[in-house]
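Engineer: when you get a sec, could you give me coordinates for this:
(chains A and B)
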Amino acid sequence: MKYSFFPGCSLESTARDFGMSVHAVAKALAIELEEIPDWTCCGSTPAHATDAVLAAALPARNLLAAEKAGRDVVVCCASCYGRLASANYELAKDEKLRSEVASIIGQEYSGGLKVRHLLEVLIKDVGTSEIRDLVVRPLKGLKVACYYGCLLTRPPELSIADEPEDPRLMEELLEAVGAETIEWPYKTECCGASFSITRVETVKRLCSEILKMADESGANCIAVACPLCQTNLDLRQLDIEEKFNLPVFYFTQLLGLALGLSNEKLGIGKLMTDPTKVLQFC
Amino acid sequence: MSSRIIENKVDIDYLQKLDPSGEFRLTACLQCARCSSGCTMREETDFLPHQLNRMAILGLEKELMGSKAIWMCVSCQTCFSRCPMQVNTPAMIDKLRGMALDAPGELKRVKIFNDVMLSSIKRFGRTYDFMLMAIYKLRSGDLFTDLTKLPAMLRKGKFNLFPPRTAGRKSVRGIFNRVFGRREQR
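Structural biologist: Got it, this is the predicted structure:
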């Protein structure tokens, strides 16, 4: 299986561990992720909060670069996914925007590619039974709160899950590798990531509510699929008065552990909240 | 403002200016407030999504531009996702942010952050967190928040000291120049 891959800026900086674990897991599952040549930033929230044409043109530049290969585009960061998928959707249906963007980037992109998140690719293209067969270290003792945040399931047209208010992709994947997943009501609440630099008090309030709910629902760790959620929930545990001690893993790190990959390859040591205690049972 | 809401006159001219192609579907709003009941920022903001929609329909431009709400929106898309009429409030808020010259009070930081991040993308083609944070801190005056986390992040390799090298930065610069060149003409 071969895909065009859009890593996004954070997988090479604040979410380096996400990037490491994505590549390690892809290799173990024989998924080829070919980086989009010369990719550039999707613009994230600052672009769409400033200008609608800029917000479509920055992703379109990358999608055009991927068009030659003609393969589905795989994205891991939820914010990048939101921007690329949204531009893809808007450009396909809005002729005016399409021609405006074409005149900005010098070439027309018609929205013909599929933009997908790695989690969805793992479930739909690889399949949980295939993955189950490769498990060498079942994740026994892990009680995982699967956290999706905002942009993987919203708006519904761009949702990676068929049921946007109650996605189950991460649950299916992690249960297939032996972990227990918990039922909890905050899996698609927002952690306030776009304010993580500018309004720390807001982010602390939102993160503390999410962590508290995960804790009270019986989780001993959290799994995320977004670099911004991870940084927020992991790093802000240091700031919140109430102490939770809930390690916040990327779903790829947990999958990688089950596939027998080393902590080093998966960047487990880069987590701020120490996961050793939680991992000692499996 | 409440007296002007009671007058209940749709301001067609303002709607034309805010949403010329009608894609935000503001006039479809039923004021059911389902958007507002799930709003991530409902506890902190001055106006809720359904109120912003109403203000836009009535052409209360000054109140919208001066509201904290347009800068407090976290862009989580909950309101739009749950709207039974597909009113695209987040897209309207984005448009309003693009039209408002400045954010009120402490919320100026949001605008400063957006500008600083965009200039990083324009210069390097990708975000360069180290420089972005340094310039943001100087411009916002918010020097010390999260500074204690820097050593651990550097140690764990989560913060690059050197800028990204992207061949595509020139074409990204061209995109920025053309988009903002046109904005000035408008």
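Engineer: helices of the chain, start to end?
Structural biologist: In the absence of a named chain, chain A is used. Using DSSP state H, the helices of chain A run over A:16-28, A:44-48, A:52-67, A:78-93, A:95-105, A:118-121, A:128-133, A:169-176, A:200-216, A:227-235, A:251-258, A:263-266, A:276-279.
Engineer: nope, chain B
Structural biologist: Listed in chain order, the helices of chain B (DSSP H) span residues B:2-7, B:12-18, B:34-37, B:49-57, B:61-65, B:69-72, B:78-82, B:89-99, B:108-124, B:129-140, B:150-155, B:169-185.
Engineer: the helices of chain A: which one's closest to B:Asn177?
Structural biologist: helix A:95-105 (9.6 Å; Cβ to Cβ). Bear in mind the C-beta positions are built from the backbone N, C-alpha and C, glycine included.
Engineer: point out where the stretch 101-250 of chain A drops to low pLDDT.
Structural biologist: Of all residues in the stretch 101-250 of chain A, none has pLDDT under 70.
Engineer: around chain B, pick out the residues from it.
Structural biologist: Applying Cβ under 8 Å from any Cβ of the partner chain, we find that the stretch 101-250 of chain A lies next to chain B at A:103-105, A:150-151, A:153-156, A:164, A:189-190, A:192-195, A:197-200, A:202, A:205-206, A:235, A:238.
Engineer: tell me, how many neighbours does the closest residue to A:Ser103 other than its chain neighbours end up with?
Structural biologist: Nearest non-adjacent residue to A:Ser103, counting by Cβ to Cβ, 6 or more residues apart in numbering or on different chains: B:Arg178, 7.8 Å away. Summarising burial for B:Arg178: neighbours were counted as other Cβ atoms under 10 Å in any protein chain shown, giving 17.
Engineer: which one of the helices of chain A is the most hemmed in?
Structural biologist: Highest mean neighbour count among those (mean count of other Cβ atoms under 10 Å in any protein chain shown): helix A:251-258, with a mean of 28.
Engineer: run the angle between that helix and helix A:16-28 for me.
Structural biologist: Calculated by axes from the mean of the first three to the mean of the last three Cα atoms, to 10 degrees, helix A:251-258 forms an angle of 50 degrees with helix A:16-28.
Engineer: list of residues touching helix A:251-258?
Structural biologist: Applying Cβ atoms under 8 Å, 6 or more residues apart in numbering or on different chains, the contact partners of helix A:251-258 are A:17-18, A:21-22, A:24-25, A:28, A:76, A:118-119, A:122, A:131, A:135-139, A:142, A:144, A:146, A:170, A:173-174, A:177-179, A:223-225, A:263, A:265-268, A:279, A:282.
Engineer: okay, that helix in PDB with CA atoms only?
Structural biologist: C-alpha atoms of helix A:251-258 as PDB (Å, rounded to 0.1, in the frame of the first residue of the first chain):
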ATOM      1  CA  PHE A 251      -2.300   6.100  18.900                       C
ATOM      2  CA  THR A 252       0.700   5.100  16.700                       C
ATOM      3  CA  GLN A 253       2.900   4.800  19.800                       C
ATOM      4  CA  LEU A 254       0.500   2.300  21.400                       C
ATOM      5  CA  LEU A 255       0.100   0.400  18.200                       C
ATOM      6  CA  GLY A 256       3.900   0.300  17.800                       C
ATOM      7  CA  LEU A 257       4.400  -1.100  21.300                       C
ATOM      8  CA  ALA A 258       1.900  -3.800  20.600                       C
END
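Engineer: what angle separates it from helix A:169-176?
Structural biologist: 10 degrees.
Engineer: ok so, going back, tell me which of the helices of chain A lies nearest to B:Gly105.
Structural biologist: Nearest to B:Gly105, of these and by Cβ to Cβ, is helix A:200-216 at 14.1 Å.
Engineer: off-centre distance for the closest one?
Structural biologist: In this view, helix A:200-216 has its centroid 19 Å away from the chain centroid, taken as Cα atoms, centre = their mean, to the nearest Å.
Engineer: who's in contact with residue 19?
Structural biologist: I went with chain A, as the question did not name one. A:7, A:11-12, A:76, A:267.
Engineer: sorry, should have said chain B
Structural biologist: With Cβ under 8 Å, 6+ apart, B:Asp19 has these contacts: B:26, B:92, B:95.
Engineer: who wins for neighbours among these?
Structural biologist: Ranked by the number of neighbours (other Cβ under 10 Å), the contacts of B:Asp19 place B:Met92 first, at 24 neighbours.
Engineer: can you pull the contacts of that residue?
Structural biologist: Going by Cβ under 8 Å, 6+ apart, B:Met92 touches B:18-19, B:24, B:26, B:52-53, B:56.
Engineer: ok, A:Val248 to chain B distance?
Structural biologist: Going from A:Val248 to chain B by Cβ to the nearest Cβ, to the nearest Å gives 13 Å.
Engineer: also A:His48?
Structural biologist: 5 Å.
Engineer: which residues does stretch B:48-64 contact?
Structural biologist: In contact with stretch B:48-64 (Cβ under 8 Å, 6+ apart) are residues B:1, B:4-5, B:7-11, B:13-15, B:18, B:26-27, B:29, B:31-33, B:35-36, B:39, B:42, B:47, B:67, B:69-70, B:79, B:87, B:89, B:92-93, B:96.
Engineer: can you rerun that using 7 Å?
Structural biologist: With Cβ atoms under 7 Å, 6 or more residues apart in numbering or on different chains as the test, stretch B:48-64 has contacts from B:1, B:4-5, B:9-11, B:14-15, B:18, B:26-27, B:29, B:31, B:33, B:35-36, B:39, B:42, B:47, B:69-70, B:79, B:87, B:89, B:92, B:96.
Engineer: of the residues you listed, grab the buried ones for ChimeraX.
Structural biologist: With 16 or more other Cβ atoms under 10 Å in any protein chain shown as the criterion, this ChimeraX line picks the buried residues out of the contacts of stretch B:48-64:
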select /B:14,15,18,26,29,35,36,39,47,69,70,79,87,89,92,96
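Engineer: hmm, back to that, comparing the helices of chain B, which yields the minimum mean pLDDT?
Structural biologist: Averaged per stretch, pLDDT over those is lowest on helix B:2-7, reaching a mean of 53.
Engineer: next, the buried residues of stretch B:68-84.
Structural biologist: Across stretch B:68-84, burial judged by 16+ other Cβ under 10 Å covers B:68-83.
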